[in-house]
Every structure is written in C-alpha cells, then in structure tokens.
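> Return a 3D structure for these sequence lines:
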Amino acid sequence: MARYTGPKTKISRRFGEPITGNGKWLTKNSNPPGQHGANKKRKTLSEYGVQLKEKQKAKYTYGLLEKQFRKTFEEAARRKGVTGENLIKLLEARLDNTVFRLGIAPSRQAARQMVSHKHITVNGDVLNIPSYNCVPGDVIGLKNKSAANTIITGNLKGKNPKFSWLDWSEAEMKGTFIAYPERESIPENIKEQLIVELYSK
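Have a look, this model is predicted:
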C-alpha cells in the first residue's frame, strides 16, 4: 500500500503548519528543513512553485500520493460545481478521513491503519479500503470484536461538534455520513484554486 513513511515533523516544518497532526515541535523549531536553517537565503517562489506547494500540502494533509491525488482531481473535475470545492469534498469523504473526523482514531494515519486492519465497518460490512468514498447515508462503526478492544476504544474521543456533516452515536459507537461538507465548514488551510490552476496548465 503506497503511503508517505518519511519524517512527519520535517513536512510540518516545510509548510509551517502541523499538517501531519502533531505540531508540538513547531514551537521549538519552525524553520524550514535544511542544513543552514533560518540562515539560509531562500528564493521567492514562482507562481508555479506556489501552486505546487499548495498541492503538496493537500497531498500530505490527506495522506495521498500523486497518482491517487490526480485521480481524485479528475473525478472532481467531472462533477458538477466548482472543481476546487469538489476536490476538497471528495478528500473529506474518504473513509480514512471520515474515521478520523468521527473521533474513532487520533490521526488520519491511525485511521488509515484501522481501516486497513479491518477494524471498521461501513453499513455493517467490514471494509479495508481507506480510499473508499463515503456517500450520504453511510454508517461507519467498529467491528464487534474491535469495539470490545480497550486499546481501540481508549482512543475514542467522539466527533467535534463543528463537523456538521457527520453524526456520532456514543451509545452505539457508530457515525453517519450525512452529506458532503460545504467548503466553509472544512477547517483545512488549503487554497484549492491554486491546485486547479496547477492541473490546468
């Protein structure tokens, strides 16, 4: 399964944001990675460089590599509406991201692992495909055996109330994907229009 396995703090320092989940090291060293740190003279990015950096940020945030990200963009371009907003909505609707948003896992990486290891069910059936695109009405929960595992349930923190496109039942330990989220409801700091401009070249 293709995924980024390099140093996560280095990625966060590159963008100056805790995009890989834990940003505690940014308070100690927020300089971009490199031998000379803050003393290195860095060139001003070109228009292409700015667009590429934004695409890379989105890829690392949601844990996709280039081929899968491009396929998601092509699907967003086929759909009605604004391509950039469609792209972010499709990324948010991925099963691994939905598991993370529901509070079942502490990070997207942990959510991806839970899905791959067959701990997650969708509409009652075990599904181990992190890239599965949730659709309105899908019910996401833990497999019975996994729900009895104290290590897994110990990480449950419940859904953040601001994610209005999801519903979470504490008693049943299940969540429902109600609808695709509106762009203004998604907290990620991504300028999707720059990504559209990059792929339009």
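
> Which residue is the nearest non-sequential neighbour of Leu142?
Met173 (5.5 Å; Cβ to Cβ, 6 or more residues apart in numbering). Just so you know, the C-beta spots here come from the backbone N, C-alpha and C atoms, and that holds for glycine as well.

> again, but for Gln68
Closest to Gln68 by Cβ to Cβ, 6+ apart is Ser131, at 6.6 Å.

> Next one: the one you found from Gly158, what distance?
Going from Ser131 to Gly158 by Cβ to Cβ, to the nearest Å gives 25 Å.

> returning to what we had before: the residue nearest to Leu142 against Gly141, yeah?
Yes - between Met173 and Gly141 there is a contact at 5.9 Å, judged by Cβ atoms under 8 Å.

> On the three-state scheme, the closest residue in space to Lys159 that isn't next to it in sequence is what?
Of all residues not flanking Lys159 in the chain, Trp168 sits nearest, at 3.8 Å (Cβ to Cβ, 6+ apart). Using DSSP: H, G, I helix; E, B strand; the rest coil, the structure places Trp168 in strand.

> Please work out the average pLDDT along stretch 132-146.
Mean pLDDT, stretch 132-146: 93.

> contacting residues around the most centrally placed residue in the chain?
Residue closest to the mean C-alpha point of the chain, counted by Cα atoms, centre = their mean, is Tyr62 at 2.9 Å. Each residue near Tyr62 by Cβ atoms under 8 Å, 6 or more residues apart in numbering is listed here: Leu91, Arg94, Asn97, Arg108.
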